[in-house]
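Engineer: this one's sequence-less:
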C-alpha cells in the first residue's frame, strides 16, 4: 500500500492554512488507498458573466393589455416576493456550501495525519524486516531452539513474545490506518458531491432572483414618473391598512416588554443602518438583505443566529406577538421568506427589497408568520 500527499511546496502548511482544496482519492487492489490532497476553502465565489434572459412582455408592448396601477402593484409585489424567497434559498445554499468546504478541509487534514501515521508504521515494519534480514532470516523462535543456554532460552522466550506482540500491534495499526483512509476517501467523495449540489442550487437560485428582478424593474420602468409615485403610494396604503388590522387584532401598540441589554445593542445596530441599500445576499457593511441585517445586528450584540429568515424561524425560540420586546425578530409570509427586527411602538426596522433602503415600517404591514427571540 502506498499513500502519497502532494500539496505544492508544503503539504502540512497547506493543511493548516487552508489555501488550496482538492481531494482526489481512489481505492486500489486489496483496499489500499492512494490519496492526493490539496486544501482550499473556495468561499463559494460565483464566476463568469451572469445569465441572460429573454425580455419579458411589458405594459404597452404589442400584444399586451394595459394594466391598472393596482394590477402592476400586485404583479411587482409578487415578483419581489418570489425574488426574496429565492434569495433565502441562495443564502441557505451558500451556508451549506461553506459547511461542505469546512468538512472537506477537516477530512483533508485528517488524511494528512493518517498519512503521517502510515509513514511511521511503514518505517517500523521496514526496521523489523531489516533486523530479521541481518539475523540471516531465521525467526527468533528458531534461534532459541538451537541455543545451548537454558537461562538465555527463557530470556529469549520473553523477548520473542514481546516481539510477536509488537508485530501483531503493528499489523493491527496498519490495518486500522488503512481502514481510516478508506473511510476518508468515501467521506471526501460524499462531501464533494454535496458541495457540487449546493453550488448548483445556488446558481439556480441566483438565476431565479435575477429573472424576477429584471421583470419587476421592466414593469416599473414602463411607468411614468407620476405613475411610479402613485405606485409607491399604493404600496404605503396597503402596508398601513395591514398595520391597522394587525394592531386591531391585539398586537402590542406600545411594546410588549422591555428590551434586554443584548436586545438594545441589536436594535441600535439595526437602526444605525437605516438608509443603506437592500442588495440580495448582502450582509453589510454597506448593503444588506433582510436576514443579513438581522444576522449582523445580533452579531454586533454578541449573539450568533442563523443566516436565513427561514432558519431563524425554525431554530430560534418562538414568542407570542403580544409579548414581543425590542430585539425580537418578526418573521413574515407563510414561507418565512422575510424578517424584520422589532424596535418597539409597533414598528420594525428591516431591509425591504431591491430598490429600497433599510427603513422603519409597521410590524404588521406584511403578513406575520410569527415572532422569534434570539436572546430567550
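Structural biologist: Sure, I can see it. Note that the coordinates shown come from a computational prediction; the quantities given were computed from them, not determined experimentally.

Engineer: Every contact and neighbour count from this point should use C-alpha atoms.
Structural biologist: Fine.

Engineer: residue ranges of the helices in this structure, please?
Structural biologist: Listed in chain order, the helices of the chain (DSSP state H) span residues 11-17, 69-134, 140-145, 150-221, 225-248, 261-272, 290-300, 309-315.

Engineer: Would you reformat those helices as a markdown table and include distance to residue 367, mean neighbour count and mean pLDDT?
Structural biologist: Output for these, formatted as a markdown table (distance: least, C-alpha to C-alpha, whole Å; neighbours: other C-alpha atoms under 10 Å; pLDDT from 0 to 100):
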| stretch | distance to residue 367 | mean neighbour count | mean pLDDT |
| --- | --- | --- | --- |
| helix 11-17 | 46 | 16 | 37 |
| helix 69-134 | 12 | 18 | 83 |
| helix 140-145 | 83 | 14 | 52 |
| helix 150-221 | 21 | 17 | 79 |
| helix 225-248 | 8 | 15 | 85 |
| helix 261-272 | 21 | 20 | 97 |
| helix 290-300 | 15 | 25 | 97 |
| helix 309-315 | 14 | 20 | 95 |
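
Engineer: wait, which of those is closest to residue 281?
Structural biologist: Distance to residue 281, taken as C-alpha to C-alpha, is lowest for helix 69-134 among the helices of the chain, at 6.2 Å.

Engineer: Show me what the closest one is packed against.
Structural biologist: Other elements packing on helix 69-134 under the criterion 3 or more C-alpha pairs under 8 Å, 6 or more residues apart in numbering; DSSP states H and E are helix 11-17, strand 19-27, strand 33-40, helix 150-221, helix 225-248.

Engineer: picking that back up, reformat the helices of the chain as CSV; add distance to residue 284.
Structural biologist: Shown next, in CSV, are the helices of the chain (distance: least, C-alpha to C-alpha, whole Å):
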stretch, distance to residue 284
helix 11-17, 26
helix 69-134, 14
helix 140-145, 72
helix 150-221, 19
helix 225-248, 26
helix 261-272, 11
helix 290-300, 7
helix 309-315, 16
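
Engineer: So for residue 362, which of these sits nearest?
Structural biologist: Of all the helices of the chain, the one in closest proximity to residue 362, counting by C-alpha to C-alpha, is helix 225-248 (5.7 Å).

Engineer: elements contacting that closest one?
Structural biologist: The contact analysis (3+ C-alpha pairs under 8 Å, 6+ apart) places helix 225-248 against helix 69-134, strand 359-362.

Engineer: First-to-last residue distance for stretch 354-369?
Structural biologist: Distance between the boundary residues of stretch 354-369 (C-alpha to C-alpha, to the nearest Å) amounts to 22 Å.

Engineer: again but with stretch 365-375, I slipped
Structural biologist: For stretch 365-375, by C-alpha to C-alpha, the gap between its terminal residues amounts to 24 Å.

Engineer: Of all the helices of the chain, which one comes closest to residue 326?
Structural biologist: Relative to residue 326, the nearest member of these by C-alpha to C-alpha is helix 261-272, separated by 6.2 Å.

Engineer: For that closest one, what is the distance to the chain centroid?
Structural biologist: In terms of C-alpha atoms, centre = their mean, to the nearest Å, the centre of helix 261-272 is found 25 Å from the chain centre.

Engineer: Tell me what angle that helix forms with helix 290-300.
Structural biologist: Helix 261-272 and helix 290-300 meet at an angle of 130 degrees, taking axes from the mean of the first three to the mean of the last three C-alpha atoms, to 10 degrees as the criterion.

Engineer: Mind listing residues that contact helix 261-272?
Structural biologist: The contact list for helix 261-272, computed with C-alpha atoms under 8 Å, 6 or more residues apart in numbering, reads 293-294, 297-302, 326-328, 341-343, 349-350, 359, 375.

Engineer: one more time with 10 Å
Structural biologist: The contact list for helix 261-272, computed with C-alpha atoms under 10 Å, 6 or more residues apart in numbering, reads 258-260, 293-303, 325-328, 340-344, 348-351, 358-360, 373-375.

Engineer: of the residues you listed, buried ones?
Structural biologist: Buried members of these, scored by 16 or more other C-alpha atoms under 10 Å, are 259, 293-301, 325-328, 340-344, 348-351, 358-360, 373-375.
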